[in-house]
Structure formats: structure tokens, C-alpha cells
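A.B. asks: everything below, folded, please.
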Amino acid sequence: MAKVTRVTQTRKAGRYNIYLDDEFAFAVDEKILLQFNLFKDAEVSDEQRAEIISAEFNQKAYMAGLVYATGSMRSRQQVLDKLREKEFPAEVRQQAVDRLIALNIINDQMFAEEYVQSQARSGKLGPNGVKYKLKQMGIDQFTIEDALEFYGEEDQLDNLEKHVETLFGKYKRESSFMANNKVQQKLYQLGFQRSYIDQALANFHDEHEIDDDEAWENLTREAEKLADRHDDLAGWDFKNKVKSGMYRKGFDLGEVERWLREYDHN
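C.D. replies: Below is the predicted model of the structure:
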């Protein structure tokens, strides 16, 4: 049976080097030091030594999970994934997470509610986008549905208003039809709900009249690109290529016809 002959503190607070029979044996967390009474002159059997090393390994996983979970709020699945990255075995990962749950350091309900409220404030994602993200973080469906109560109708409309204004500015050089489609598609991708998107778009169009000069400028710019591309064509072939190209870009064919009548194709 070996005897503890020396105990020294490492540079890292809360950790200690243990020497058995004047030779370094292992380093342990303070909790393990106290749990196994590893002070000078204590005797350690081979069986106890194996238990200490196992307990220290479990404590190391717990501390890694604790540091990760307290840096910012984390879900149970996120902590398990982080411990997997650090190559802790499945049983050790689960034990560490169970301890953190028991101490309420990991609480998926609180995590989901805080995440939903944060997203409702920032407006980056709509409710469906938030739901998708929470699923990715391992939150169960019922917990998600409860947490989404914190993303209200007013939050969604306010966030949509900001996005709509920004996105129409981004697509202002497009045809009004194409701009509307792209804004709508982007809002779907961000996880906003269809009925609220339709309402937000209707509100935007009620408050913003179409600028006819800008619309004609956009049409002219795109039509000239197509005209240059098909400059080798003439007559019906030329007009058909321009019209079909402009149609795909969402421009009104009546306005395209008007442009063609005014365009001098030599």
C-alpha cells in the first residue's frame, strides 16, 4: 500500500499534485482531494488509486461542462456535444450533465425561454426560425412550444417592419414584382409566419407608393443589358429574347413593349 508523502498546489487554483512514496502519482481537483482524504501520510491501495483516477476523470468532465455552461446559458445537448468534442466517454458525459442539471446550472426550460425572448428582442429570427434553432440545440417540442409564448404578435410585426424596410432597400433595383418575391422569400427563410409576412408587406405597400421614375429606370437598365446581350438578333427574335428575359425578371410586359417601341435597335 502506497503512502501520500507530499501534496502541492498546482499553478491552477483548486488543483493539487499528489506524491505517493516520494514519486508524483497524479493531479486531482480539490473536491477529489477532500473526498478521498489525500493528505500527507494517508495510505492509498491500488484499488483506491483506480477509484481516485476514475473520480478525477469524472470531475474533469464536470468542470469542463461547468465552465462551458456558465460562460453563457447552454442547453443540455450543447453541453453534451461540447464534452463529446473533448473526447469524454458517453457515460462520463452523461454523469457530468446530470450533476449540472441537479444544480440547475443546466435548465432547458429556462434556456428556451431566455433564447426566445432574446430573439424576440433582436428580431433576427421569426418564431419558426427560433423553433428550428432550438430543435438543433436539443430542446424538446413541448418545451419549445411553451417558450414560444414569449414571442408575441406585436414582437413579430415590429420585427417584420424593420426587416421589410431594409430588404426593399436592398432590392430597390429589381422589378417591384421580383423585389416583393425576394423580400417574402427571405422573411420565410428567417422563420416569420406567413400571415404576418402578408400583413407586413401590405402595410409597407400602403405606406410607400411606387416611384414611377425609379421603376422605369430599373426596367430600362435591365432591358438595355438584354438588348446588348442579344444585339446580334433582329426583328421578332430580338424582341422575343428581350421580352422573355424581362418577364423572368418580373417586369410588366406592357411596359417592356413600350420600351421596345422607344428603343433604337440598329
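A.B. asks: model confidence for residue 41, exactly?
C.D. replies: On pLDDT, residue 41 comes in at 88.
A.B. asks: I misspoke; the intended subject was residue 252.
C.D. replies: 88.
A.B. asks: ok, now which ones touch it?
C.D. replies: Shown in contact with residue 252 (CB atoms under 8 Å, 6 or more residues apart in numbering): 175, 177. C-beta coordinates here come from the backbone N, C-alpha and C atoms, glycine included.
A.B. asks: counting neighbours, which bits of stretch 167-187 end up buried?
C.D. replies: In terms of neighbour count (16 or more other CB atoms under 10 Å), stretch 167-187 has its buried residues at 167-168, 171, 174-176, 178-180, 182-184, 186-187.
A.B. asks: any idea how far residue 191 is from the residue most central in space within the chain?
C.D. replies: Centroid check for the chain by CA atoms, centre = their mean gives residue 133 as the closest residue, at 6.0 Å. Counting by CB to CB, to the nearest Å, the gap between residue 133 and residue 191 amounts to 8 Å.
A.B. asks: spit out the residues that contact these two alike.
C.D. replies: Joint contacts of residue 133 and residue 191 (CB under 8 Å, 6+ apart) are residue 125.
A.B. asks: returning to that earlier point: my guess is the residue nearest to the centre of the chain contacts residue 112. True?
C.D. replies: No - contact status for residue 133 versus residue 112: not in contact, 10.2 Å apart, counting by CB atoms under 8 Å.
A.B. asks: and for stretch 22-34, what's in contact with it?
C.D. replies: 2, 5-7, 10, 14-19, 36, 38-39, 49, 52-53, 55-56, 59-60, 63.
A.B. asks: mind giving me the ChimeraX select for the residues you listed, buried ones only?
C.D. replies: Buried members of these, defined by 16+ other CB under 10 Å, are picked up in ChimeraX with:
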select :2,15,16,18,19,36,38,49,52,55,56,59,60
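A.B. asks: and the contacts of stretch 22-34, which of them are in strands?
C.D. replies: Of those, the ones assigned to strands by DSSP state E are 2, 5-7, 15-19.
A.B. asks: which two from those end up farthest apart in space?
C.D. replies: Spanning the widest gap among the ones in strands among the contacts of stretch 22-34 are 2 and 15, at 20.3 Å by CB to CB.
A.B. asks: next, count neighbours for residue 193.
C.D. replies: Residue 193: 16 surrounding residues under other CB atoms under 10 Å.
A.B. asks: can you name the residues that contact it?
C.D. replies: Here residue 193 is in contact with 126-128, 156 (criterion: CB under 8 Å, 6+ apart).
A.B. asks: kindly report the same for residue 95.
C.D. replies: Applying CB under 8 Å, 6+ apart, the residues near residue 95 are 58, 61-62.
A.B. asks: that's a helix at it, yeah?
C.D. replies: Yes - assessed with DSSP: H, G, I helix; E, B strand; the rest coil, residue 95 lies in a helix.
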